[in-house]
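# Task: produce atomic coordinates for the following.
(chains A and B)
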Amino acid sequence: MDFNVLLTDLPTLIGVIIGVPAVLAAYIVGGEYLVRRLPDKARPSVRPWIWVGPALALVTAFLVLPAVGTISTSLQDRKGNFVGLKNFATQLDGFPTGGAWIAIRDNVFWLVFYTLFVLAFGLILAVIFDRVPYEKIVKSLIFMPMAISSVALVVIWKFMYAYQPPGQAQTGTLNFLLNTVFHQDPRTWVQDTTPLLGLIPLNNLALIAAAVWGIVGFSMVILSAALKGIPGDLLEAARVDGAGEITIFRRVIFPLMMPTIVVVGTTLVIFALKAFDVVYAMTNGNYETDVLANRMYKLLYNSNDFPGASAVAVILLLTVIPVLIFNLRQFRAVEARR
Amino acid sequence: MSVAAAARTESTALRFSPRWITDRLGGFVLHVAVIGLTVAWVVPTLGLLVTSFRLPADIANSGWWTALAPPYKFTLDNYSQMLQASNLGTGFFNSFMISIPATIIPVTIAAFAAYSFAWMKFPGRDWIFLALVGLLAVPLQLTFIPVTTVFVKLGLTPQHLTSLGLPPFIPLWLAHAGYGLPFSIYLLSNFFRALPSDLFESAEIDGAGTLTVFFRIVLPLSVPALASLVIFQFLWVWNDLLVALIYVGGTASVAPVTVSLVNLVGSYGQNYQLLTAAAFFSMIVPLVVFLSLQRYFVRGILAGSVKG
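The predicted model follows:
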């Protein structure tokens, strides 16, 4: 371990911790000082721009302009000549296994299974944890993987999925259980492309399961809070009216939790579309487990194919558009109620 | 029925209480289900923890559960070897260098912007805010190519910055700030907006200026939201792999701990004993941050998501 780094960088770190907030506070105080010099009428129209200015500048620089730039790169060849939709044609060539199709298919698997599993587990855990006195402890334990980086998460799951040939002592937890409890041959979880129930290849499901394990705490905590937010007298009134518990869950609890479920679900859909870390570190997209984000990364850094990578990125953006529209609608509905 | 039992019945009846579930499963089965699920959830992490204290030969030949029975052969070798063999120490420090400023910058800037969106009127305010919400969904991958190009043109590369005597992490700080802002502004402005407007009116009557209202009223009242945002942003930056790989690359001197860990997986392959220790090592800080600020985290999330 190189301790010289500590000695040279520590002052920088301290300088930044003190310096950055100081600079930002000075900016806002200075800005306000200048605004006060202005005539009374001009103040309200200048002040807001000073307050939102830095945020808009950073967001424009890092999100808006690059997005526009990537879209234009995706329409050019490597030399910068306009080629129309040729890059997209290359990426979308050879359905169902050529080009980006495997990645698109796997992104659909992520979208469906990741979102559903995380929501379902989150809801179930929230409901049953609500009825035990040691709720806080079990919630913390379920939430713990949230604090773990996806890289460490992959190391953990490489242990779960470790494989030894049949007959040898299994070192992977899942294969050990499969062997001793269910008396079956061990499986190569992350390489096995056998479809499960004719739906989803086992290895894709294995990657998704690892990611689900990491994120369920997030949905559980938020859904549990929403569950606790439901007024007790509402449930009481429903009971007095003779509603059964299933009816209460379906007609009272579920509708009241719906806005929260939508918020969590939307976030999860975005996470699923952006899935990268687990795939990158577990299989790097081999064994037909590729996803769009990983494919883009490979095109960019392994093949130096800027236009191709841009095209994949734009495909990713296009898949997000429905979510975006949905988000905007939700936002407007909330705004309208204000 | 005793008084205590009657009181208990009443208190559970106030919450959602599917009595038929309780009746059919019984309290015992419920506890088994809760504990069973929790144990299942903890097993992967527990396996890693146990493995990180085992000898390499044992790790290769038997599962981690066998170590839980005597004879016990635990060791700290993996941790000391890992610290010597890899750049994890440097990576750990780099992660601090990256995460702390990359948390302070966006949270502060977002607080300014959110206050403006919540309590000031200006033309186009709602449209800009809508656009920000939309940006939440933009995949970061889309931005890497153009931003990298501009960074190289401006000389914002780790090598060039180091040669100028500046911290090599500036590109990462700015990038994480830019990427974190839409969410930060969204969360904070929802919270700021929920503050009672009487508060602002009475402050104005007392002659308080914009700055006084912001620093003396809005910020102190928003501590839960700010704290939860700090945890979110810190966890996200600390655990980030992709943005770091893109903007500072895999060079050991500037790589954060997540990148060092990935390099370790690559270069040591099946050397599980180092991997396990390294993975646990990288978790320590996020776990400490999370456990110490957990209560704020939960309350703050609600401000942004459950409202409305």
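# Quick check: buried residues in stretch A:230-237?
Residues A:Leu235 are the ones in stretch A:230-237 that count as buried (16 or more other Cβ atoms under 10 Å in any protein chain shown). In short, each C-beta sits where N, CA and C put it, glycine included.
# quick one, what contacts A:Phe271?
Residues in contact with A:Phe271, defined by Cβ atoms under 8 Å, 6 or more residues apart in numbering or on different chains, are A:114, A:215.
# What distance do you get for it to B:Ser189?
22 Å (Cβ to Cβ, to the nearest Å).
# now do B:Asp126
11 Å.
# So if I had to pick from the two, which one is more boxed in?
B:Ser189 (23 against 13; other Cβ atoms under 10 Å in any protein chain shown).
# hey, where'd the helices end up in the stretch 151-300 of chain A?
For the stretch 151-300 of chain A, applying DSSP state H, counting those that start in this stretch gives helices covering A:173-180, A:202-228, A:232-240, A:245-248, A:254-273, A:277-282, A:292-301.
# Need the ones you listed in TSV (columns: mean pLDDT).
Output for the helices of the stretch 151-300 of chain A, formatted as TSV (pLDDT from 0 to 100):
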stretch	mean pLDDT
helix A:173-180	89
helix A:202-228	87
helix A:232-240	82
helix A:245-248	80
helix A:254-273	81
helix A:277-282	87
helix A:292-301	87
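# looking at those helices, which is buried most?
Most buried of the helices of the stretch 151-300 of chain A, by mean neighbour count (mean count of other Cβ atoms under 10 Å in any protein chain shown): helix A:277-282, with a mean of 25.
# any residues touching it, and which ones?
With Cβ under 8 Å, 6+ apart as the criterion, helix A:277-282 contacts A:150-151, A:153-154, A:157-158, A:190, A:207, A:210-211, A:285, A:289-291, A:293-294, A:297, B:241-242, B:262, B:265.
# For the nearest residue to B:Thr157 once chain neighbours are set aside, list the residues it contacts.
The shortest distance from B:Thr157 to any non-neighbouring residue, by Cβ to Cβ, 6 or more residues apart in numbering or on different chains, is to B:Phe151 (6.4 Å). Taking Cβ under 8 Å, 6+ apart, we find B:Phe151 in contact with B:157, B:171, B:247.
# CA atoms only for the helix or strand encompassing B:Phe151 - export them in PDB, please.
Using DSSP states H and E, B:Phe151 falls within helix B:141-154. Provided in PDB are the C-alpha atoms of helix B:141-154 (Å, rounded to 0.1, in the frame of the first residue of the first chain):
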ATOM      1  CA  GLN B 141     -24.000   5.400 -21.700                       C
ATOM      2  CA  LEU B 142     -25.400   7.900 -24.200                       C
ATOM      3  CA  THR B 143     -23.200  10.700 -22.900                       C
ATOM      4  CA  PHE B 144     -19.800   9.000 -22.500                       C
ATOM      5  CA  ILE B 145     -18.500   9.400 -26.000                       C
ATOM      6  CA  PRO B 146     -19.000  13.200 -26.500                       C
ATOM      7  CA  VAL B 147     -18.000  14.100 -22.900                       C
ATOM      8  CA  THR B 148     -14.800  12.000 -23.200                       C
ATOM      9  CA  THR B 149     -14.000  13.900 -26.500                       C
ATOM     10  CA  VAL B 150     -14.600  17.300 -24.900                       C
ATOM     11  CA  PHE B 151     -12.500  16.300 -21.800                       C
ATOM     12  CA  VAL B 152      -9.600  15.300 -24.000                       C
ATOM     13  CA  LYS B 153      -9.800  18.600 -25.900                       C
ATOM     14  CA  LEU B 154      -9.900  20.600 -22.700                       C
END
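# List the buried residues of whichever helix or strand comes after that helix.
Next helix or strand after helix B:141-154 toward the C-terminus (DSSP H and E): helix B:158-163. Residues of helix B:158-163 classed as buried by neighbour count (16+ other Cβ under 10 Å): B:158, B:161.
# what comes up buried for stretch B:251-270?
Buried, per 16+ other Cβ under 10 Å, within stretch B:251-270: B:254-265, B:268.
# Now residue 211. Nearest residue, chain neighbours left out?
No chain in the question, so chain A it is. A:Val278 (4.9 Å).
# Let me rephrase: I mean chain B.
A:Glu32 (5.1 Å).
# who are the neighbours in contact with the nearest residue in space to B:Ser62 that is not next to it in sequence?
Spatial nearest neighbour of B:Ser62, excluding adjacent residues (Cβ to Cβ, 6+ apart): A:Ala169 at 5.8 Å. Neighbouring residues of A:Ala169 by Cβ under 8 Å, 6+ apart: B:61-63.
# which residues of the stretch 201-308 of chain B fall in helices?
With DSSP H, counting those that start in this stretch as the criterion, the stretch 201-308 of chain B has helices spanning B:210-212, B:219-221, B:223-239, B:242-247, B:257-268, B:272-305.
# Can I get those in CSV including distance to A:Arg36 and mean pLDDT?
Shown next, in CSV, are the helices of the stretch 201-308 of chain B (distance: least, Cβ to Cβ, whole Å; pLDDT from 0 to 100):
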stretch, distance to A:Arg36, mean pLDDT
helix B:210-212, 10, 82
helix B:219-221, 21, 80
helix B:223-239, 27, 80
helix B:242-247, 39, 84
helix B:257-268, 46, 70
helix B:272-305, 32, 66
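# and of these, who's closest to A:Gly244?
helix B:272-305 (29.7 Å; Cβ to Cβ).
# what's the weakest-modelled helix or strand in chain B?
helix B:3-14 (a mean of 45; mean pLDDT, DSSP states H and E).
# And the residue nearest the centre of chain A, how close does it get to chain B?
For chain A, the residue nearest the mean C-alpha position is A:Phe271 (2.1 Å; Cα atoms, centre = their mean). Distance, A:Phe271 to chain B, using Cβ to the nearest Cβ, to the nearest Å: 11 Å.
# can you check A:Tyr27 too?
On the measure of Cβ to the nearest Cβ, A:Tyr27 and chain B end up 9 Å apart.
# Tell me which residues touch the residue nearest the centre of chain B, please.
Among the residues of chain B, the one closest to the centroid is B:Leu235, at 2.1 Å (Cα atoms, centre = their mean). B:Leu235 makes contacts with A:146-147, B:286, B:289-290, as judged by Cβ under 8 Å, 6+ apart.
# circling back: so the helix or strand that the least confident helix or strand of chain B is followed by versus helix A:232-240, what angle?
Next in sequence after helix B:3-14, counting helices and strands by DSSP H and E, comes helix B:19-51. Counting by axes from the mean of the first three to the mean of the last three Cα atoms, to 10 degrees, helix B:19-51 points 130 degrees away from the direction of helix A:232-240.
# Okay, buried residues for helix B:19-51 please.
B:21, B:31, B:34, B:37-38, B:41-51.
# How about whatever helix or strand comes next after that helix and chain A, any contact?
Following helix B:19-51 in sequence order, the next helix or strand is helix B:56-61 (DSSP H and E). Yes: using Cβ under 8 Å from any Cβ of the partner chain, helix B:56-61 reaches chain A at B:59-61.
# who are the neighbours of the next helix-or-strand element following helix B:56-61, in terms of helices and strands?
The first helix or strand that comes after helix B:56-61 along the chain, using DSSP H and E, is helix B:77-85. Using 3 or more Cβ pairs under 8 Å, 6 or more residues apart in numbering or on different chains; DSSP states H and E, the elements in contact with helix B:77-85 are helix B:272-305.
# Okay, domains of chain A per the record?
A:3-74, A:88-337 (automatic domain parsing).
# got a list of contacts for stretch A:176-187?
A:163-166, A:170, A:172, A:175, A:202, B:63, B:65.
# which one of the residues you listed is nearest A:Gly94?
Using Cβ to Cβ, A:Leu202 is the member of the contacts of stretch A:176-187 that lies nearest A:Gly94, at 24.2 Å.
# from what I can see the closest one touches A:Asp192, true?
Yes: if you go by Cβ atoms under 8 Å, A:Leu202 and A:Asp192 touch, sitting 4.4 Å apart.
# In the stretch 51-200 of chain B, where is pLDDT below threshold?
B:85-86, B:137, B:194 (pLDDT under 70).
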